[in-house]
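*Asks:* need a structure here:
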Amino acid sequence: MSSHDESELATCSLPNRETSFKIEQDLIRNLSSLSSNSQDGLSGFRIGEVILRNGDNYSGMLMGNIPEGSGKYIWADGCVYDGEWKRGMRHGKGKTLWPNGSTHEGEYSGGYIHGTGFYTGTTNLTYKGRFKLNLKHGLGFQTFPNGDFYEGSWIQGSIEGQGKYTWSNGNFYEGNMKLGLMHGKGMLTWRNGDSFEGNWNNGLMHGFGVYEWKEGGFYVGTWTRGLKDGKGVFYPKGCTIPAKQEVYMNVLRNRGLLPELRRNSLESRVLQGSSSVDLGNMKITSGRLRNVSLERRWSLEVAIEKLIGHDLGENNGSEDSGIAESVIPILEREYMQGVLISEVVVSGKFPVPSRRSKRRQKKLVWDVKRPGEAIIKGHRSYDLMLSLQLGIRYTVGKITPIQRREVRSSDFGPRASFWMNFPRGGSQLTPSHRAAEDFKWKDYCPMVFRNLREMFKIDAADYMISICGSAALRELSSPGKSGSVFFLSQDDRFMIKTLRKSEVQVLLRMLPNYYHHVKTYENTLITKFFGLHRVKPSSGQKFRFVVMGNMFCTELRIHRRFDLKGSSLGRSTDKIEIDENTTLKDLDLNYGFYLEPSWRESLLKQIETDSKFLETQRIMDYSLLLGVHYRAPQHLRSHMPYRQSDRLAVLSEEDAQEDDALNHPQGLVLVQRTNDENSVVVGPHIRGSRLRASAAGFEEVDLLLPGTARLQIQLGVNMPARAELIPNKDESQPVHKVYDVVLYLGIIDILQEYNISKKIEHAYKSMQFDSVSISAVDPEFYSRRFLDFIQTVFPENP
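*Replies:* Numbering: from 1, shown residues only. Below is the predicted model:
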């Protein structure tokens with residue numbers, strides 16, 4: 001819409017509501033002043049022409065010197081009204097012509113556009129429908145300059161209520177709207193024939209709904225802010241909704257939780273309740289409405305569904321044509337913010353198990369294996385888990401009400417701890433518990449770790465629920481040689497590791513400097529510690545453990561894990577079968593990861609800062625834990641063409657959503673940061689600054705993965721990169737493989753001091769192996785070798 005159209009249209013919109021009324025007051029005042037200066041003092045009806053001192057002109061019927069009846073008023077700027085008047089105000093039928101050619105013809109009342117009317121702008125914007133006090137209110141039909149059109153209800157100048165919006169590209173929406181956005185029950189149909197019927201919130205799919213593909217197949221489930229969230233059922237091509245499911249959906253329609261668009265026409269629904277409803281705002285442009293989710297939010301799982309439906313459809317038409325519909329598998333899926341986390345076959349019997357059907361079933365059934373073993377009653381660690389949970393609940397509950405203050409020197413060291421007895425039957429200070437025996441609980445430096453938790457924005461209640469809630473912890477097998485036992489909270493946010501006494505002593509010794517380091521360097525990559533405790537059962541050994549942040553707590557699947565030290569002796573995995581939970585080592589890494597140049601510089605600088613800190617603390621044998629999420633899972637890469645790109649693209653989110661997942665299955669898209677923080681997913685216990693991209697003019701950016709919410713990019717968290725296969729030296733024709741990946745990384749195992757035992761180990765192994773290749777070396781050499789190796793893991797862009 002041109003600026004001229006908007007200025008003229010403003011007389012009919014809320015922000016300039018006083019404009020037309022002011023015109024009437026000026027008319028009355030000017031005519032009244034003319035009347036006081038006239039000598040004839042005519043009264044009663046007459047027809048005449050009046051020229052005002054400001055250049056305005058009126059000709060028509062007058063009651064005294066006030067317009068009454070039919071007349072034409074011409075303003076000095078060229079605006080013209082020709083129509084009916086009452087007591088000096090536009091009232092009845094009339095037509096207004098603005099200087100730029102825009103017109104309105106229709107009903108007026110009390111000086112306002114009020115009633116039925118037709119507006120025509122100079123840029124092909126038209127509106128035909130009801131007005132109220134200069135605002136569109138009631139039923140109306142509007143066409144937009146870009147070719148979109150809307151028919152339905154308007155309230156107080158805004159699109160609100162039942163209506164149908166059709167975009168120029170062929171997409172259309174039928175249902176309820178609010179403030180120009182899809183809101184409530186409705187159905188959106190894309191030009192390719194796909195459709196979504198269900199609930200909407202502020203332009204996004206939100207709540208229960210049904211997504212149906214044109215070529216067949218549909219998904220019944222729930223959405224959250226445009227992303228599948230929770231459990232649902234996918235019916236591939238060739239399936240029909242079971243009778244029970246159809247009954248359930250009909251009940252939802254009867255209760256008003258699903259629209260009835262497939263049973264009733266839009267016109268009948270609009271006319272039934274339209275007396276007080278009208279959609280639209282004359283100042284709404286195509287730009288505003290494009291904030292609505294006009295294009296389907298493609299995701300990797302959508303591509304999977306298309307591949308599954310296509311494959312089954314072809315199969316049904318050939319070798320399985322004689323098999324009934326019931327043999328097609330129905331899949332129960334669970335999503336977390338758009339990411340498919342599990343999938344199982346819940347219905348459908350396969351025919352005689354041929355090789356092809358077995359391969360198909362293996363491809364369809366994808367159940368994500370969560371790491372660890374749930375600790376339930378009878379488990380060897382069950383009593384230890386109960387003691388641990390009760391102790392942490394007591395500690396956090398006791399320290400949280402104390403007013404926050406800066407830590408003091410007296411808050412550090414072995415003396416800054418307290419004991420508490422927990423008898424099974426309870427005491428005046430402790431509750432009864434279900435552990436097998438009494439235990440003693442020791443909490444180290446509670447004020448320090450309380451401040452560390454707050455520093456990393458961890459809410460005390462969330463912390464207790466995550467670790468001490470009703471859900472059981474999971475025990476992980478130890479990936480290292482230390483023999484430590486690892487526990488994982490049910491929501492994956494926190495890792496609990498048992499420590500040796502020597503490690504506890506090291507942590508207490510370095511804790512003041514550690515606290516200062518993480519406070520000074522908000523982007524630090526070293527392990528985040530949130531609590532240090534000890535449990536001593538009345539008839540058992542002592543268990544010391546530390547609570548840490550889990551670096552791999554993310555909605556994305558971690559496909560590969562690496563523990564990198566920079567040494568080579570014994571640094572390869574001895575496992576034959578490798579899965580997503582296998583921790584690989586230095587010699588297993590055959591990829592180089594290319595980052596955005598400024599990110600690589602920041603990453604290496606921070607790793608150097610952290611390693612120098614550990615060097616000053618006489619720490620060695622630490623490692624870089626690296627998690628890799630491949631943009632497309634291994635089993636899909638054969639279906640999808642690869643597009644190599646040397647740089648990450650920086651697009652608007654609007655353009656990114658229009659990208660087709662089948663054409664760009666592995667693409668990583670950066671979008672500039674917006675003010676809508678609710679749409680951005682941040683990692684747990686995340687602190688520090690966002691990363692900036694040179695391709696975006698060094699502005700802060702987020703990572704947009706189709707089918708996933710915007711991910712906040714920070715150092716070591718949600719970092720997009722390009723992984724290139726490092727060819728073996730003996731390959732005559734090396735294969736060039738490149739993948740788009742998302743990286744998660746941090747420095748772990750920072751409690752090994754270079755003590756006398758490590759010095760003896762260094763001396764002994766140096767006589768048998770190259771001293772450069774072993775892990776037990778002095779901290780200065782270890783830090784230098786570690787940094788040199790990390791630079792090869794993240795090479796410079798060619």
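*Asks:* do you have the helices of the stretch 351-500 of the chain handy? List them.
*Replies:* 355-364, 382-399, 446-455, 460-468 (DSSP state H, counting those that start in this stretch).
*Asks:* okay if I get the ones you listed as a markdown table plus distance to Thr609?
*Replies:* (C-beta placed from N, C-alpha, C; glycine too.) What follows is the helices of the stretch 351-500 of the chain, written out as a markdown table (distance: least, Cβ to Cβ, whole Å):
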| stretch | distance to Thr609 |
| --- | --- |
| helix 355-364 | 46 |
| helix 382-399 | 30 |
| helix 446-455 | 18 |
| helix 460-468 | 28 |
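*Asks:* for these, give me JSON lines that also has distance to Arg534 and mean pLDDT.
*Replies:* Compiled in JSON lines, the helices of the stretch 351-500 of the chain are given as follows (distance: least, Cβ to Cβ, whole Å; pLDDT from 0 to 100):
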{"stretch": "helix 355-364", "distance to Arg534": "47", "mean pLDDT": "44"}
{"stretch": "helix 382-399", "distance to Arg534": "9", "mean pLDDT": "89"}
{"stretch": "helix 446-455", "distance to Arg534": "13", "mean pLDDT": "93"}
{"stretch": "helix 460-468", "distance to Arg534": "16", "mean pLDDT": "87"}
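*Asks:* list the residues that contact Pro512.
*Replies:* By Cβ atoms under 8 Å, 6 or more residues apart in numbering, the residues touching Pro512 are Ser409, Phe412.
*Asks:* surely it is within a helix?
*Replies:* Yes. Counting by DSSP: H, G, I helix; E, B strand; the rest coil, Pro512 falls inside a helix.
*Asks:* on that earlier part again, how about the helices of the stretch 351-500 of the chain, which one is nearest Phe196?
*Replies:* helix 355-364 (23.2 Å; Cβ to Cβ).
*Asks:* okay, the helices of the stretch 351-500 of the chain in a markdown table with mean neighbour count and distance to Ile66 next?
*Replies:* Formatted as a markdown table, those follow (neighbours: other Cβ atoms under 10 Å; distance: least, Cβ to Cβ, whole Å):
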| stretch | mean neighbour count | distance to Ile66 |
| --- | --- | --- |
| helix 355-364 | 13 | 81 |
| helix 382-399 | 20 | 78 |
| helix 446-455 | 20 | 72 |
| helix 460-468 | 18 | 70 |
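*Asks:* out of those helices, nearest to Ala435?
*Replies:* helix 382-399 (4.5 Å).
*Asks:* what's the closest one packed up against?
*Replies:* Under the contact definition 3 or more Cβ pairs under 8 Å, 6 or more residues apart in numbering; DSSP states H and E, helix 382-399 sits against strand 417-422, strand 439-444, helix 446-455, helix 460-468, strand 529-537, strand 543-549.
*Asks:* tabulate those (TSV), appending distance to Ser757.
*Replies:* TSV is the format used below for the helices and strands packed on helix 382-399 (distance: least, Cβ to Cβ, whole Å):
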stretch	distance to Ser757
strand 417-422	26
strand 439-444	24
helix 446-455	28
helix 460-468	33
strand 529-537	22
strand 543-549	19
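*Asks:* can you pull the contacts of Met719?
*Replies:* Leu595, Trp599, Leu603, Leu691, Ile713, Val742, Leu743, Tyr744, Leu745.
*Asks:* scan the protein for its longest strand.
*Replies:* strand 738-748 (DSSP state E).
*Asks:* so which residues make contact with the helix or strand just after it?
*Replies:* Counting by DSSP states H and E, the next helix or strand C-terminal to strand 738-748 is helix 756-766. Residues outside helix 756-766 that contact it (Cβ under 8 Å, 6+ apart) are Leu569, Met620, Asp621, Gln752, Ser771, Ile774, Ala776, Val777, Asp778.
*Asks:* list the buried ones in helix 756-766?
*Replies:* In terms of neighbour count (16 or more other Cβ atoms under 10 Å), helix 756-766 has its buried residues at Lys758, His762, Lys765.
*Asks:* any idea of the mean pLDDT in it?
*Replies:* Averaged over helix 756-766, pLDDT sits at 85.
*Asks:* show the subsequent helix or strand relative to it.
*Replies:* That would be, after helix 756-766 and using DSSP H and E, helix 779-793.
*Asks:* from Thr573, how far off is the spatially closest residue to Asn581 that is not a sequence neighbour?
*Replies:* Closest residue to Asn581 apart from its sequence neighbours, by Cβ to Cβ, 6 or more residues apart in numbering: Pro371 at 4.6 Å. Note on Pro371: its distance to Thr573, by Cβ to Cβ, to the nearest Å, is 16 Å.
*Asks:* coming back round to it: among the contacts of helix 756-766, which two are most distant?
*Replies:* Every pair of the contacts of helix 756-766 checked by Cβ to Cβ; the farthest is Gln752 and Ser771, at 17.9 Å.
*Asks:* who's more crowded, those two?
*Replies:* Per other Cβ atoms under 10 Å, whichever of Gln752 and Ser771 has more neighbours is Gln752, with 21 against 15.
*Asks:* I'd say the more buried one and Arg618 touch.
*Replies:* No. Using Cβ atoms under 8 Å, Gln752 makes no contact with Arg618, being 9.8 Å away.
*Asks:* sorry, back to before: can you tell which of the helices and strands packed on helix 382-399 is closest to Glu107?
*Replies:* Closest among these, once you apply Cβ to Cβ, is helix 460-468, at 58.7 Å.
*Asks:* please report how far Met551 lies from Ala776.
*Replies:* Met551 is 25 Å from Ala776, by Cβ to Cβ.
*Asks:* got it, and Leu181?
*Replies:* From Leu181 over to Ala776 (counting by Cβ to Cβ), the distance is 63 Å.
*Asks:* the more surrounded of the two?
*Replies:* Ala776 (22 against 19).
*Asks:* tell me who's in contact with that one.
*Replies:* Counted by Cβ under 8 Å, 6+ apart, Ala776 has contacts Met620, Asp621, Lys758, Lys759, Glu761, His762, Lys765.
*Asks:* let's go with 10 Å and repeat that
*Replies:* 567, 569, 620-621, 752, 754, 757-766, 782 (Cβ atoms under 10 Å, 6 or more residues apart in numbering).
*Asks:* and if you look at Ala721?
*Replies:* With Cβ under 10 Å, 6+ apart, Ala721 has these contacts: 591-596, 599-600, 628, 648, 668, 739-743, 794.
*Asks:* try Gln791
*Replies:* Counting by Cβ under 10 Å, 6+ apart, the residues that Gln791 touches are Arg600, Leu604, Ile607, Glu608.
*Asks:* which of those scores worst on pLDDT?
*Replies:* Lowest pLDDT among the contacts of Gln791: Arg600, 92.
*Asks:* picking that back up, the helices and strands packed on helix 382-399: which one's closest to Asp229?
*Replies:* That would be, of the helices and strands packed on helix 382-399 and by Cβ to Cβ, helix 460-468, which comes in at 19.3 Å.
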